[in-house]
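> Using only what follows, build the 3D model:
(one chain, ligands or ions: 1)
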Amino acid sequence: MELQKFLLQLQQEALDLQAENMVLKTQIQDLENTQKLQKELAFKNGVYWKNDEGPFCQRCHDADEKLIRLQDWHDCWHCTNCKQSYYTKQNPKDNSGNYAETDYDPLGY
Ligand SMILES: [Zn+2]
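Presented below is the predicted three-dimensional model:
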C-alpha cells in the first residue's frame with residue numbers, strides 16, 4: 001500500500017519535471033531567438049535593418065519586440081502598425097542618389 005502511494009508520488013514528480021523542462025526549453029529558445037535577432041539587426045538612420053531586409057520600425061521593435069516592415073512611401077518610410085513615419089529615408093544599398101532629401105544638400109541651400 002505504501003509502495004503504491006510512493007510510486008504515484010514519483011510519477012507525479014516526473015510529470016512535474018517534464019512540464020518544467022518544457023517551460024525551460026521554450027525560454028531558452030526564446031532567448032536564443034532574441035539574441036540571434038539582436039546580432040542580425042543594425043540600427044541605421046533611425047530604423048532597423050536585418051542583413052539585406054528592411055527597414056523595420058524602430059518603435060514597434062523597441063516597444064513591442066515586433067519586426068514590422070516599413071512601407072516605402074515617396075519621401076519617407078511608413079509603419080502600417082503604429083502609423084509612425086520616418087523622414088530619414090536613406091537606403092545604403094541604393095547609390096542612385098534618388099534619396100537626396102535627407103540632411104545632405106548638394107546645392108548648399
Ligand atoms: Zn511601427
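
> Return the distance of Leu15 relative to the ion.
With distances taken as Cβ to the ion, to the nearest Å, Leu15 is found 42 Å from the ion. In this view, the C-beta of every residue, glycine as well, is placed from N, C-alpha and C.

> Relative to the whole chain's centre, how far out is stretch 44-60?
Taking the mean C-alpha point of stretch 44-60 and that of its whole chain, the gap between them comes to 9 Å (Cα atoms, centre = their mean, to the nearest Å).

> what's the span of that stretch, first residue to last?
Start-to-end span of stretch 44-60 (Cα to Cα, to the nearest Å) is 15 Å.

> Show the average pLDDT along it.
In this model, stretch 44-60 has an average pLDDT of 91.

> Could you do stretch 76-83 as well?
95.

> Now do the helices in this structure.
When secondary structure is read from DSSP state H, the chain shows helices at 2-40, 58-64.

> Need the winner for burial among those helices.
Taking mean count of other Cβ atoms under 10 Å as the contact definition, the stretch among the helices of the chain with the greatest mean neighbour count is helix 58-64, which reaches a mean of 15.

> sorry, back to before: and the helices of the chain: which comes nearest Asp52?
Go through those one by one with Cβ to Cβ and the one that ends up closest to Asp52 is helix 2-40, at 10.7 Å.

> now the closest one: how far from the chain's centre is it?
Helix 2-40 has its average C-alpha position 25 Å from the chain's average C-alpha position, going by Cα atoms, centre = their mean.

> what pLDDT does the most centrally placed residue in the chain get?
The chain has Leu67 as the residue nearest its centroid, 4.4 Å off, counting by Cα atoms, centre = their mean. In the predicted model, Leu67 carries a pLDDT score of 92.

> could you list every residue that touches it?
37, 48, 50, 56-57, 60-61 (Cβ atoms under 8 Å, 6 or more residues apart in numbering).
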